[in-house]
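> sequence-free structure coming up:
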């Protein structure tokens, strides 16, 4: 499922950074729609607006930190490709696959829709993510906009309220599972 015109949020603070339609464009290093979520920078490079709802592309940059809580995307597929550093990824499809792995630079993880997952940056990392079209702006709904590239400094960290997390989850098809525990988290 991708967001259609009736479910997309209104104007956002990043309007105009990406073209918003399927047309060729370039971004230089550090450019894109940027938001800080907790202690991590999410930079959206491409959205469903530019791909006719097919996919989104984004990066995640952060230092070693806490586990991102278990959650599930009922409609969204997501990939993790670690460019630098290390990221611990936990997954449970509740159909027999339950595993976790520390992904080092060059490693890849695929999280199909409907799979409970969580991750933790183990050492300063940059991750390239791809998701089903219309999902990437979840990070904006969950975080706070910034124009600064790179890993946020402690003074720039942003902790969303529970209400903000719930609203972002409802809008972008993310169900947080605070009750769920992976074996070693």
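It's in. Please read all numbers here as calculations on a predicted model, not as lab measurements.
> in three-state terms, label the spatially most distant residue from the centre of the chain for me.
Distance from the centre of the chain peaks at residue 96, with 25.0 Å (CA atoms, centre = their mean). With DSSP: H, G, I helix; E, B strand; the rest coil as the basis, residue 96 sits in coil.
> how close does it sit to residue 37?
31 Å (CB to CB, to the nearest Å). Bear in mind the C-beta positions are built from the backbone N, C-alpha and C, glycine included.
> which ones are touching the residue farthest from the centre of the chain?
For residue 96, the contact set (CB atoms under 8 Å, 6 or more residues apart in numbering) is empty.
> can you tell me how far residue 59 is from residue 167?
Relative to residue 167, and taking CB to CB, residue 59 is found at 24 Å.
> out of these two, which sits in the busier spot?
residue 59 (18 against 14; other CB atoms under 10 Å).
> that one reaches residue 45, doesn't it?
Yes - assessed by CB atoms under 8 Å, residue 59 is found in contact with residue 45 at 6.8 Å.
> which SSE is immediately downstream of the helix ranked longest in the chain?
The longest helix of the chain (DSSP state H) is helix 162-172. Where DSSP states H and E defines the elements, the next helix or strand beyond helix 162-172 is strand 175-176.
> parallel or antiparallel, list what pairs with the helix or strand encompassing residue 45.
If you go by DSSP H and E, residue 45 is part of strand 40-46. When pairing is defined by DSSP bridges, strand 40-46 lines up against strand 33-37 (antiparallel), strand 55-62 (antiparallel).
> contact partners of it?
14, 18, 27, 30, 32-36, 55-62, 65, 121, 136-137, 139-140, 143, 146, 149-152.
> of the strands paired with strand 40-46, which stretch is the most buried?
Comparing the strands paired with strand 40-46 by mean neighbour count (mean count of other CB atoms under 10 Å), strand 33-37 ranks first with a mean of 24.
> quick check: angle from that strand to helix 162-172?
140 degrees (axes from the mean of the first three to the mean of the last three CA atoms, to 10 degrees).
> gap between strand 33-37 and the chain center?
Computed by CA atoms, centre = their mean, to the nearest Å, the chain-centroid distance of strand 33-37 equals 10 Å.
> average model confidence for that strand?
For strand 33-37, mean pLDDT is 97.
> got it, and stretch 97-116?
For stretch 97-116, the per-residue pLDDT averages 98.
> follow-up on the earlier one: how about the residue farthest from the centre of the chain, phi and psi?
Dihedral pair for residue 96: phi 120, psi -20, per degrees, to the nearest 10.
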